[in-house]
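# here are the coordinates; sequence isn't available:
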């Protein structure tokens, strides 16, 4: 990373974690030069980059200020699910929304993936090409589940860098996190079992529950701090919950981040009750703060947490490489993987293994986080400007999803359909609950390559929302 | 294909289909020159190639003869399963045997895959490298299930070449045939349902049944002609079978091939009763006869057959690309795929799509079949020579598995363990039935790159078997 990029990244972090609040004045160029020991041109380059990302604004003769935006959009409240056990039936809508992801003519606010042009696909293709050209043929049959040993070693090293260790023997490579999560659910439940999920919930979790004939109970979840652990405790008192499926880091769709103390309390609770926790952590690397947030698994002492992640949201969606650090369930899960799809694709494993070895992943991630943070600011600004009064949104500390609560009388599904006719996709709140409760909510993907296109699409969406009041 | 290769291939086919029976004298070089219009050196090259493959033998001053071998090994009889419905519990043994596949120090007679050096891995890597270097980033998210349209088109064309058409809209690309088969079973059954399988059965089918809490009923199966359709008819009379899972072409482990009339009768039977048929056809391309055998799906008029196959046994095991032509179940199955693992790996799809487009697959297959046919002859010769009297084996018309029936008092599991200690792996018959009935049977993989190593390994195995009498 160049000097000005480092400076820009540090300032971006200060903005994200609130050290530099919205609207605050940045130190003058002269101050920054002397405090950081850098040249004026380095500072200017950093400020231009941040301005370009929409994080700061220049005011003539006054200097640079943190771009104001979120301050005018209030935060939604914590969810209040019914508290009932529910059968799960996935709505047709999920498949329709997934289908729209393929349509390039739509502004992809409803997509589940960041813009693929944000990914280092050429570098990956080169790494793959090198690895496959000299591949020992035997590796095409040897690297069945649990997967390529070097890739598993690289992933283990990344856990270590986040300040906790896993044993590489508990790692199973999968066809993306989706398979990791499905296999985890398969090994810790029986048909008919009850599973605790967040409210709102990632629709993929609801689909997995339906597939395995499981029932769901939704836990109150705060848009900023995630699962309400004391509410969960009282649910566990009253209901025969057999597993939990949560996303402590940058939850989909809320973007919420559970504080460390809450994660610790969560793991203590499930440990006391010996209930397995399936932890979906696919967005953990996309943090805007100073440090990567730790997964709940960091507090797991008994191998009860099945920690699932992938490279699909950070570097290579189509490569379909995910994994699970499955704790005490690792051996059972590896066999389940062998039985259901044998192994993950060798070329994909080789490509990622080599890419991680050669370095460059962290540099890519720093750049990606900066882009996403800038987009978040731009998105909140556009929402404040174009959406009807009464709209709420919670600015996430990572990931690329924004959860928007519209005024009560706007039906998100009607808005979704209207927006499609105007070439903008969205993910209506209906998708994220078994009882379709979030009817005036939207999940917005701000992982776009071009912030101005993002703002334009949000302007269209906001105006259409206003027209529905 | 060069002229002498074409000639050799034609003669090999005549041997395989019985036009040239074992021990028969080949036409003289002079006769062949005039009948085929080729030079003597072409004929000699072809004969040398066939001799090298073990298919023919020169006798001084007498000419060339079809190598005799199989004639001395009698064929096993048709299986006689119990006729009872059975719960399925996969034995620990399957996982142990799969584990041994990774051990390069073992002669891989127990492996499920052909020797990977028989595959065109370099050409595939080049195709992949070219395809990925110029890949439009959007394709990494667009090609979710049902998969890459060009790859699906190429697969559809291959069906057409086998003289029956499928609609590419019923094709779903999967992570290998294993996932295709598992998804097929998921969409046509409910937990507790009864599924008809062959006897012996591919252990992967038993694993899939166990995973989904299904029960099995085994159907009498002949080592040469496969499923006994009239026995199946009477089972369907008496038991509430909800699905069939069969391998009409080169069944694993028998190598049996159902005649066309039997396939037609099978499809008429399941159509009359509206029972879906999951057809596992991963070995269909590895035929030794003059034509590719048609799948049972060729007679399907109502979309009841889910035809599953892959490239894993013919060109690229580690790429994990399979498919299912799912008939009336296609839409449901594509959604199931989205829900369980989203998509197959894009680099693998791109590589195979390009490889199929650029040509060379059929040339590779012709060479592979010739090698396998030669190995079959060598294997039968080694069995006749080194195995104890009373050993039976059925020479398959395709694929790379030989099913061996040892004398009754030899426990295949004891032999398996003894052989492992002598650096030879094998697949004991116990693996291939829910009630472990095939206790004096072995499945032998003859898909080796080096026929002399294959013969040496069989010599070791045969002597060990003799020592156990």
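Received the coordinates, thanks. Values in this document were obtained by computation on a predicted structure and should not be read as measured data. Numbering: from 1, shown residues only, chains lettered A, B, ... in the order given.
# which bits of the stretch 301-450 of chain A sit near chain B?
A:316-321, A:335-336, A:338-348, A:351 (C-beta under 8 Å from any C-beta of the partner chain). Placement of C-beta: from N, CA and C, glycine included.
# Please apply the same query to the stretch 51-200 of chain A.
So the stretch 51-200 of chain A meets chain B at A:90, A:95, A:98, A:101-102, A:104, A:111, A:113, A:116-117, A:119, A:121-122, A:124-126, A:128-129, A:132-133, A:135, A:137-144, A:174-176, A:178-179, A:182, A:186, A:191 (C-beta under 8 Å from any C-beta).
# I'd like to know which elements the helix-or-strand element of chain A with minimal mean pLDDT is packed against.
Lowest mean confidence among the helices and strands of chain A (mean pLDDT, DSSP states H and E): helix A:139-142, at a mean of 76. Packed against helix A:139-142 by the contact rule (3 or more C-beta pairs under 8 Å, 6 or more residues apart in numbering or on different chains; DSSP states H and E) you find helix A:346-358.
# Domain-wise, how is chain A divided?
Domains of chain A are assigned by automatic domain parsing as A:3-68, A:71-117+A:363-467, A:120-361.
# So for residue B:427, which of the ones you listed sits nearest?
domain A:120-361 (14.7 Å; C-beta to C-beta).
# For the domains of chain A, give me CSV that also has mean neighbour count.
Shown next, in CSV, are the domains of chain A (neighbours: other C-beta atoms under 10 Å in any protein chain shown):
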stretch, mean neighbour count
domain A:3-68, 17
domain A:71-117+A:363-467, 20
domain A:120-361, 22
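# secondary structure class for residue A:242?
Secondary structure, DSSP: H, G, I helix; E, B strand; the rest coil: residue A:242 is strand.
# Give me the nearest residue to it, chain neighbours excluded.
residue A:193 (4.0 Å; C-beta to C-beta, 6 or more residues apart in numbering or on different chains).
# how about the one you found, what does it touch?
Counting by C-beta atoms under 8 Å, 6 or more residues apart in numbering or on different chains, residue A:193 touches A:214, A:215, A:242, A:243.
# now, among those residues, which is nearest to chain B?
Chain B lies nearest to residue A:214 out of those, by C-beta to the nearest C-beta, at 12.3 Å.
# contacting residues around the closest one?
Per C-beta under 8 Å, 6+ apart, neighbours of residue A:214: A:88, A:185, A:189, A:191, A:192, A:193, A:194, A:195, A:208.
# Just give me the residue closest to the centre of chain A.
residue A:283 (3.1 Å; C-alpha atoms, centre = their mean).
# Test my guess that residue A:59 contacts residue A:65.
Yes. With contact defined as C-beta atoms under 8 Å, residue A:59 and residue A:65 form a contacting pair (6.1 Å).
# you'd agree residue A:50 is up against residue A:10?
No. Using C-beta under 8 Å, residue A:50 is not in contact with residue A:10; the gap is 10.5 Å.
# shared neighbours of the two, anything?
Counting by C-beta under 8 Å, 6+ apart, nothing touches both residue A:50 and residue A:10.
# show me what contacts residue A:282?
Contacts of residue A:282 (C-beta under 8 Å, 6+ apart): A:177, A:247, A:308, A:309, A:310, A:312, A:313, A:322.
# same thing with residue A:157?
Under the criterion of C-beta under 8 Å, 6+ apart, residue A:157 has no contact partners.
# can you check residue A:119 too?
With C-beta under 8 Å, 6+ apart, residue A:119 has these contacts: A:315, A:316, A:317, B:137, B:140.
# Repeat the analysis, applying 7 Å as the threshold.
By C-beta atoms under 7 Å, 6 or more residues apart in numbering or on different chains, the contact set of residue A:119 is A:315, A:316, B:137.
# cool, residue A:409 as well?
Neighbouring residues of residue A:409 by C-beta under 7 Å, 6+ apart: residue A:469.
# any idea of the pLDDT on it?
As predicted, residue A:409 sits at a pLDDT of 93.
# do the same with the one 3 residues further on
Residue A:412 carries a pLDDT score of 95 in this model.
# quick one: it and chain B, what's the gap?
22 Å (C-beta to the nearest C-beta, to the nearest Å).
# secondary structure element for residue A:265?
Per DSSP states H and E, residue A:265 falls inside helix A:260-273.
# just residue A:152 next, same as before
According to DSSP H and E, residue A:152 maps onto helix A:149-161.
# contacts for the helix or strand just after that helix?
Going down the chain from helix A:149-161, the next helix or strand is strand A:171-175, by DSSP H and E. Under the criterion C-beta under 7 Å, 6+ apart, residues A:145-148, A:151-152, A:155-156, A:180, A:183, A:320-326, A:330, A:333-334, A:337, A:341, A:344, A:349, B:175, B:341 lie in contact with strand A:171-175.
# Quick one: list the elements packing against the helix or strand just after strand A:171-175.
Next in sequence after strand A:171-175, counting helices and strands by DSSP H and E, comes helix A:176-188. Packing contacts for helix A:176-188, counted by 3 or more C-beta pairs under 7 Å, 6 or more residues apart in numbering or on different chains; DSSP states H and E, involve helix A:203-211, strand A:241-246, strand A:277-280, strand A:305-310, strand A:321-325, helix A:330-341, helix B:330-341.
# mind running it again at 10 Å?
strand A:171-175, helix A:203-211, strand A:241-246, strand A:277-280, strand A:305-310, strand A:321-325, helix A:330-341, helix B:330-341 (3 or more C-beta pairs under 10 Å, 6 or more residues apart in numbering or on different chains; DSSP states H and E).
# Walking through the stretch 351-469 of chain A, point out its helices one by one.
A:361-386, A:412-421, A:451-467 (DSSP state H, counting those that start in this stretch).
# picking that back up, now the angle between strand A:171-175 and the helix holding residue A:152, please.
110 degrees (axes from the mean of the first three to the mean of the last three C-alpha atoms, to 10 degrees).
# what stretches of the stretch 301-450 of chain A score poorly on pLDDT?
Regions of the stretch 301-450 of chain A meeting the criterion pLDDT under 70 are absent.
# and the closest residue to chain B within the stretch 51-200 of chain A, what does it touch?
In the stretch 51-200 of chain A, no residue comes nearer to chain B than residue A:140, which is 3.2 Å away by C-beta to the nearest C-beta. If you count contacts by C-beta atoms under 10 Å, 6 or more residues apart in numbering or on different chains, residue A:140 has them with A:132, A:343, A:346-347, A:350, B:113, B:116, B:119, B:121, B:124, B:312, B:316-320.
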